[in-house]
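1. All I have is the shape, not the residue letters:
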């Protein structure tokens, strides 16, 4: 499994609108993509204009080829792209180890 990590910066004062847009974009567009397995988005506490989006994919190519080069990418960017203060920084990771979350 591959973890996509996107570091996103939006303009000040746009948090509420972006919160709605990013969740809508993931649930209506990205969730349809080949190899999509799950997601999480978090807003910065110290920097409220900064978001970290993580998406789980079966393979790197599911994200970089099937999604990014397919029609769903344009739909996704139409929803969230207008909010980007600068292009997101996107990297991919593989799991080395983990522990279950505790309550």
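-> Nice, I can see it. Everything numeric in this text was worked out from a predicted model, so none of it was measured.

2. Tell me which stretches of the chain form strands.
-> Counting by DSSP state E, the segments of the chain that form strands are 2-9, 36-43, 50-57, 89-94.

3. Would you convert the ones you listed into a markdown table that also reports mean neighbour count?
-> In this view, the C-beta of every residue, glycine as well, is placed from N, C-alpha and C. Converted to a markdown table, the strands of the chain look like this (neighbours: other C-beta atoms under 10 Å):
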| stretch | mean neighbour count |
| --- | --- |
| strand 2-9 | 17 |
| strand 36-43 | 14 |
| strand 50-57 | 19 |
| strand 89-94 | 11 |
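
4. Turn these into a markdown table, columns for mean pLDDT.
-> Shown next, in a markdown table, are the strands of the chain (pLDDT from 0 to 100):
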| stretch | mean pLDDT |
| --- | --- |
| strand 2-9 | 98 |
| strand 36-43 | 98 |
| strand 50-57 | 98 |
| strand 89-94 | 98 |
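
5. could you dump these to CSV with distance to residue 68?
-> Compiled in CSV, these are given as follows (distance: least, C-beta to C-beta, whole Å):
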stretch, distance to residue 68
strand 2-9, 10
strand 36-43, 13
strand 50-57, 11
strand 89-94, 9
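
6. By residue count, tell me the biggest helix in the chain.
-> The helix of greatest length in the chain, counted in residues with DSSP state H as the criterion, is given as helix 15-28.

7. roughly how far out does it sit from the chain middle?
-> Put simply, helix 15-28 sits 10 Å off its chain's centre (C-alpha atoms, centre = their mean, to the nearest Å).
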